[in-house]
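attaching a predicted model along with its sequence, questions to come.
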Amino acid sequence: MQVYLVGGAVRDELLGRKIKERDYVVVGATPHQLLQQGFVQVGKDFPVFLHPKTKEEYALARTERKQGEGYTGFACEFSADVTLEDDLRRRDLTVNAIAKADDGSLIDPYGGQQDLDNRILRHVSDAFSEDPLRILRVARFAARYHYLGFTIADETQALLTNMVAQGELNTLTPERIWLECEKSLNDGAFADFLQTLYSLNALPSISDALASTWAPDIYKQLNARYQYANEHKVTEPSLLLCQATTNLCRDSIIALATSIRLPNDVRDMALYLQQHLATLNDEQLNSNELLALCNQLDLWRRPERFHALLKAAEVANCGPLKLQQTLINATEAAKKISPQQFIAQGIKGADIKTALEQARLDMFTHYLTKVQVI
């Protein structure tokens, strides 16, 4: 039995990047042998095991055979006779098909090291085209390593474009598409992810509206926003995805949320920022507009949503709003106004709500008038 470090850990180590997780492949072993050593199998029919102490993943060397549609239509075949080279051949890119032995030596049967040196993303074999998920994965890798000068090999670009033209992305579930988008958002390179999909004619699979409005200026704008987010450690998917949708209309955002099954908080923030960004940037913002905004976000019970919107607007502007501190001070003061003070005055029924709204409006007028006079 031989154990090798494989995949992203080897790739990132060779690139001098921080290793986030380590995966291993085990050659010449059976499930029974690993179970005897205390490993825990993940799933019933899949040869992946968790190490009893480190909880890192150890997978038996395997091959995969296409037997159905989509990214799940594969039969997994594993035995002690499957070689390391067989296992590496099923991987997507040559840079992900390098293994490292215990003694530090590298096993690289498909030229991954040379492609790393040349900054090339190249598919390992023709079996690449059997998995439509790889369209999004390659776009994600191209985006993540764009800053290092990586490009997609011409033959791989042609293969990806053909896969898109054949409608392969249509076999992916909306949830799976969102998961790849979320991973790219976590990488901080979502603008390059969208740009790569656009170059492959694959962006309509994310959003027809994004594809139809995509332009060099939008790409440049998004790059600046994500650079600002990276520098200020803004990592929440809801605050990042909405940066790409500020130029879309409400209906297009709702269509996007449906097509790739956005989580509710991500969808809502995209809608909020699209609707309110111009209002928040208005130096002549009036108290009625601010009260309507706060009521829509239910600032009074959900103040975190208002503060998240301010942060999203800050990222969109690549800097704090001009009225940011005033907005914070005004809303903090308005939140302290309690219905109890009006009840104590003998106000009853629906008149309590009217009095409360007026008091909040007066508070906003006080703060906004003061800053505009200054």
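Looks like it arrived, so ask away.

where in the stretch 251-374 of the chain is pLDDT low?
Scanning the stretch 251-374 of the chain for pLDDT under 70 picks out 371-374.

and the strands in it?
With DSSP state E, counting those that start in this stretch, there are no strands along the stretch 251-374 of the chain.

Leu222 touches Phe193, doesn't it?
No - counting by Cβ atoms under 8 Å, Leu222 stays clear of Phe193, with 10.0 Å between them. C-betas here are computed from N, CA, C, even on glycine.

which one of the two has more residues nearby?
Phe193 (28 against 22; other Cβ atoms under 10 Å).

phi, psi for that one please.
Backbone torsions for Phe193, taken as degrees, to the nearest 10, come to phi -60, psi -50.

ok, it to Glu314 distance?
22 Å (Cβ to Cβ, to the nearest Å).

which neighbouring elements make contact with the longest helix along the chain?
If you go by DSSP state H, the chain has its longest helix at helix 350-373. Contact here means 3 or more Cβ pairs under 8 Å, 6 or more residues apart in numbering; DSSP states H and E; on that basis helix 350-373 packs against helix 287-297, helix 324-335, helix 339-343.

now do the buried residues in that helix.
For helix 350-373, the neighbour count (16 or more other Cβ atoms under 10 Å) marks 352, 355-356, 359-361, 363-365, 367-368, 371 as buried.

which one of those is nearest Leu321?
Of all the buried residues of helix 350-373, Leu321 sits closest to Val371, with 11.8 Å by Cβ to Cβ.

pipe the helices and strands packed on helix 350-373 into TSV and attach mean neighbour count and distance to Thr94 per row.
Formatted as TSV, those follow (neighbours: other Cβ atoms under 10 Å; distance: least, Cβ to Cβ, whole Å):
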stretch	mean neighbour count	distance to Thr94
helix 287-297	17	49
helix 324-335	18	48
helix 339-343	13	66
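
for these, give me JSON lines that also has distance to Ile218.
What follows is the helices and strands packed on helix 350-373, written out as JSON lines (distance: least, Cβ to Cβ, whole Å):
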{"stretch": "helix 287-297", "distance to Ile218": "26"}
{"stretch": "helix 324-335", "distance to Ile218": "25"}
{"stretch": "helix 339-343", "distance to Ile218": "45"}
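
center of the chain, which residue is that?
By Cα atoms, centre = their mean, the chain has its centre lying nearest to Glu182, at 1.9 Å.

check contacts around that one.
With contact taken as Cβ atoms under 8 Å, 6 or more residues apart in numbering, Glu182 is in contact with Pro237.

please apply the same query to Leu271.
250, 253-254.

hmm, try it at 10 Å
Leu271 sits next to 242, 245, 248, 250, 253-254, 257 when contact means Cβ atoms under 10 Å, 6 or more residues apart in numbering.

by neighbour count, which of the residues you listed wins?
Of the contacts of Leu271, with other Cβ under 10 Å as the count, Cys242 tops at 28 neighbours.

wait, that one touches Ala316, no?
Yes - Cys242 is in contact with Ala316 according to Cβ atoms under 10 Å; the separation is 8.0 Å.

can you list residues touching both of those two?
Residues touching both Cys242 and Ala316 by Cβ under 10 Å, 6+ apart: 225, 273, 277.

thought the last one was touching Leu293?
No - judged on Cβ under 10 Å, Leu277 makes no contact with Leu293 at a distance of 11.1 Å.

flag every buried residue along the helix or strand hosting Met163.
Using DSSP states H and E, Met163 falls within helix 154-165. Within helix 154-165, the residues that count as buried by 16+ other Cβ under 10 Å are 156-157, 159-160, 163-164.

next one: stretch 230-243
By neighbour count on 16+ other Cβ under 10 Å, the buried set for stretch 230-243 is 234, 236-243.

just the CA atoms of it, as CSV, please.
Provided in CSV are the C-alpha atoms of stretch 230-243 (Å, rounded to 0.1, in the frame of the first residue of the first chain):
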residue,chain,number,x,y,z
ASN,A,230,-10.2,41.6,-0.6
GLU,A,231,-8.3,44.4,0.9
HIS,A,232,-10.9,45.1,3.5
LYS,A,233,-11.6,41.4,4.2
VAL,A,234,-15.2,41.4,3.0
THR,A,235,-16.0,37.7,2.5
GLU,A,236,-19.8,37.3,2.9
PRO,A,237,-21.2,35.8,-0.4
SER,A,238,-24.3,38.1,-0.1
LEU,A,239,-22.0,41.2,0.0
LEU,A,240,-20.0,40.0,-2.9
LEU,A,241,-22.5,38.5,-5.4
CYS,A,242,-24.5,41.8,-5.4
GLN,A,243,-21.6,43.7,-6.8
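
dump the residue contacts of Lys335.
Counting by Cβ under 10 Å, 6+ apart, Lys335 touches 294, 299-301, 303, 306, 360, 363.

how about a cut-off of 7 Å?
299-300, 303 (Cβ atoms under 7 Å, 6 or more residues apart in numbering).

got it, and Ile19?
9, 12-13 are the contacts of Ile19 under Cβ under 7 Å, 6+ apart.

of those residues, grab the buried ones for ChimeraX.
In ChimeraX, this line selects whichever of the contacts of Ile19 come out buried by 16+ other Cβ under 10 Å:
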select :9,12
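
return the closest of the contacts of Ile19 with respect to Glu56.
Taking the contacts of Ile19 together and measuring to Glu56 by Cβ to Cβ, the closest member is Ala9, at 9.6 Å.
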